[in-house]
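>>> sequence and predicted model, in that order:
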Amino acid sequence: MKKNIAIIMGGYSSEYQISLKSGEVVYQHLDKTKYIAYRIHIFKDKWCYVDDAGTEFPIDRNDFSVTINGQTHNFDCVFNAIHGSPGEDGLMQAYFELLGIPQTSCDFYQSALTFNKRDLLSTLKPYGIKTAQSYFLNEGDSIDTKGIVDAVGLPCFVKANKAGSSFGISKVYKEEELPAAIENSFKEDNEIIIEEFLDGTEVSVGVITYQGKTKVLGITEIISENDFFDYEAKYEGKSQEITPARISNKMAEKVSTVASKIYDILKMKGYSRSEFIFKNNEPYLLEMNTVPGLTEASILPMQAKFSGLSLTELFDSAIEEALTNTKTTL
């Protein structure tokens, strides 16, 4: 019997449009011989199933079911395609665990931890994972621009702590530019992280659970036409994303080992995509994404293809892992 799969997409953050595109790609490529796919839009003002004609049917949040033409449908598994909150910060994961519904991303604690760049980097440092020098600010803190420059140097990056797709990020060259960059980041989050500029090759490494084991996908080299890998570079063609990365075998082995180590340290499940910059031939972790983009322009699908996995196989593997390994709390 075919499994009912809810593909959740949208979300509450600035990334909702990208999420809708990712969810649509999953919908189009899911194996129709094994699954009945449902597009589920998750927004602050509504949760609804959207059929092929665009008709909306409200989701019952008590049990995450939907009633269509008088018939109630429940879901065997949820495919999480929400970038940002509430799909990448642990909220949806906790909700589905309470309901006992399998879902394709990592568990709620890992999701919340990796979504918080500051907490993630602090957690991994004791394990020897190299990271950039950083400075933290919360909304309302006094801004000591000289102290920031002394800590991280110039140029530096000012980032929203809990945001993706390069929203709320600025590259700062002069001390007097810091207040405007900080204000820009606070538009996205009430916590920010300011990091030293690492001048080196940037790569992205996809790591997933495949057939019960940690699998490192292809390594992608990122070359931005802009000053850094910003939203325009990511989604509007202003970058080159080269898979496999043009790095030495030794560098590739190093970054693959580190990415796999991080995945296992955190007891991850599902998809992940970690970003690194090489400094003196050593990989420095920037961040980890646990619901990476799945559009045709996204990096993880390219890495999967390089590793011999079609989109259908990639999506199928996530569902099968979720159905096999989900904890039941009820």
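Looks like it came in fine.
>>> could you list the low-confidence segments of this protein?
Along the chain, segments meeting pLDDT under 70 span 164-166, 226-238, 326-330.
>>> flag every buried residue along the longest helix seen in it.
Scanning the chain for the longest helix, with DSSP state H as the assignment, gives helix 249-265. The neighbour-count check on helix 249-265 (16 or more other CB atoms under 10 Å) flags Met251, Ala252, Lys254, Val255, Ser256, Val258, Ala259, Ser260, Lys261, Ile262, Tyr263 as buried. For glycine as for every other residue, the C-beta is placed from the backbone atoms N, C-alpha and C.
>>> show me the contacts for Ser111.
By CB atoms under 8 Å, 6 or more residues apart in numbering, the contact list for Ser111 reads Glu88, Asp89, Gly90, Gln93, Ser105, Thr290.
>>> adding distance to Ala318, neighbour count and secondary structure, write those out as CSV.
As requested, these are exported to CSV (distance: CB to CB, whole Å; neighbours: other CB atoms under 10 Å; DSSP: H, G, I helix; E, B strand; the rest coil):
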residue, distance to Ala318, neighbour count, secondary structure
Glu88, 15, 28, coil
Asp89, 19, 24, coil
Gly90, 18, 24, coil
Gln93, 14, 26, helix
Ser105, 8, 28, coil
Thr290, 12, 28, coil
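>>> would CSV of these with distance to Thr72 be doable?
Compiled in CSV, those are given as follows (distance: CB to CB, whole Å):
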residue, distance to Thr72
Glu88, 29
Asp89, 29
Gly90, 28
Gln93, 24
Ser105, 25
Thr290, 31
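>>> ok, Ala259 touching Val205?
Yes - counting by CB atoms under 8 Å, Val205 is a contact partner of Ala259 at 4.0 Å.
>>> so what sits against both of those two?
By CB under 8 Å, 6+ apart, Ala259 and Val205 have these common neighbours: Val216, Ser274, Phe276.
>>> which of those residues sits closest to Leu120?
Ser274 (10.0 Å; CB to CB).
>>> now Ala304. Nearest residue, chain neighbours left out?
Leu314 (4.5 Å; CB to CB, 6 or more residues apart in numbering).
>>> unless I'm mixing things up, the one you found is touching Ser298, no?
No - assessed by CB under 8 Å, Leu314 is found out of contact with Ser298, at 11.3 Å.
>>> name the residue in those two with the higher neighbour count.
Shown here are Leu314 and Ser298; by other CB atoms under 10 Å, Leu314 has more neighbours (23 against 19).
>>> tell me the backbone dihedrals of that one, please.
phi -60, psi -50 (degrees, to the nearest 10).
>>> for it, what are its contacts?
For Leu314, counting by CB under 8 Å, 6+ apart, the contacting residues are Ile208, Leu300, Pro301, Ala304.
>>> so the third one versus Thr214, what's the distance?
Spatial separation of Pro301 from Thr214 under the definition CB to CB, to the nearest Å is 19 Å.
>>> the more surrounded of those two?
Between Pro301 and Thr214, counted using other CB under 10 Å, the more crowded position is Pro301 (24 against 16).
>>> wait, a helix at that one?
Yes - with DSSP: H, G, I helix; E, B strand; the rest coil as the criterion, Pro301 is part of a helix.
>>> might you report the residue contacts of it?
Applying CB under 8 Å, 6+ apart to Pro301 gives the contacts Val25, Leu294, Thr295, Leu311, Leu314.
>>> I figured the fourth one hits Ser22, correct?
What it means is Leu311. No - counting by CB under 8 Å, Leu311 sits too far from Ser22 to count as a contact (11.1 Å).
>>> got any residues that touch both of these two?
Any residue near both Leu311 and Ser22 by CB under 8 Å, 6+ apart counts here, and that gives Leu294.
>>> who has more neighbours, the two?
More neighbours surround Ser22 than the other of Leu311 and Ser22, with 26 against 18 (other CB under 10 Å).
>>> what about the helices in this structure?
With DSSP H as the criterion, the chain has helices at 16-29, 91-99, 108-115, 117-124, 145-152, 178-186, 231-235, 249-265, 299-306, 311-325.
>>> can I get the ones you listed in CSV with distance to Val172?
As requested, these are exported to CSV (distance: least, CB to CB, whole Å):
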stretch, distance to Val172
helix 16-29, 25
helix 91-99, 32
helix 108-115, 24
helix 117-124, 17
helix 145-152, 9
helix 178-186, 5
helix 231-235, 17
helix 249-265, 27
helix 299-306, 26
helix 311-325, 37
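>>> Phe276 bridge partners, please.
Val203, Leu285 (DSSP bridges).
>>> right, I mislabeled it, should have said Ile42
What pairs with Ile42, by the bridge criterion (DSSP bridges), is Gly10, Trp47.
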